[in-house]
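Pasted the sequence and its predicted model underneath.
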Amino acid sequence: MGSRVGTAANGLEEKFVVKPEDCATLAIVSFSSLQHEDLKVQMMARACYPDVKISKQQLQFGECPSNERRDYALTVTNKNEDLPLDFNFSKAPSFKAMPSRGKLLPGTEHTINLSFEPKNLGKISQEMVLEILNGVYRIPLKLQGHCDKVG
């Protein structure tokens, strides 16, 4: 959200500045060019927490030869009916999320393709984080797979 400009009953133009990225402040209201220092403003706001559901938090990809790939379809649901949510998956060696970032619209479900692409032999365990609202909310995903042969 950016700034919105409105007109008061007395004809003066007032500027309202809303900054949702500032967690400590819900809104900043700025009145410029007013003659009175004492001004009472009635405001009402509604706050809501994100409500995200993911199909699985621990994924076992099994055996995969090096330079090949195993995929898993992860379902991410925004259960909130009002709040769109920006998401981002952190990077983890040998694992990839596609798409790695995007927006979950209210009440929608998205499928994210998680891939295991080992480059080295051995058992690989990593943590990938699903970040919601620029990292304000973090959901860890435990990912495992193993590579026993060269592909």
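Thanks, I have it. Numbering: from 1, shown residues only.

Would you map the strands across the chain?
Ranges of strands in the chain, per DSSP state E, are 3-7, 13-17, 28-30, 52-54, 58-63, 70-78, 85-89, 95-98, 101-104, 109-116, 122-132, 137-147.

Centre of the chain to the fourth one, how far?
Mean-position distance between strand 52-54 and its chain equals 11 Å (Cα atoms, centre = their mean, to the nearest Å).

Could you pull out the buried residues of that strand?
Neighbour-count burial for strand 52-54 flags residue 52 (criterion: 16 or more other Cβ atoms under 10 Å). Quick note: C-beta positions are derived from backbone N, CA and C, even for glycine.

how near is residue 80 to residue 103?
Plainly put, residue 80 is 13 Å away from residue 103 if you go by Cβ to Cβ, to the nearest Å.

How about residue 65: what's its closest non-neighbour residue?
Using Cβ to Cβ, 6 or more residues apart in numbering and skipping the chain neighbours, the partner closest in space to residue 65 is residue 151 (3.1 Å).

before we move on, what about residue 113?
Nearest residue to residue 113, sequence neighbours excluded (Cβ to Cβ, 6+ apart): residue 98, at 4.7 Å.

who touches the one you found in this structure?
When the contact criterion is Cβ atoms under 8 Å, 6 or more residues apart in numbering, the partners of residue 98 are 112, 113, 115.

can you pick the most crowded of those residues?
Comparing the contacts of residue 98 by number of neighbours (other Cβ atoms under 10 Å), residue 112 comes first, having 19 neighbours.

Sounds good, over and out.
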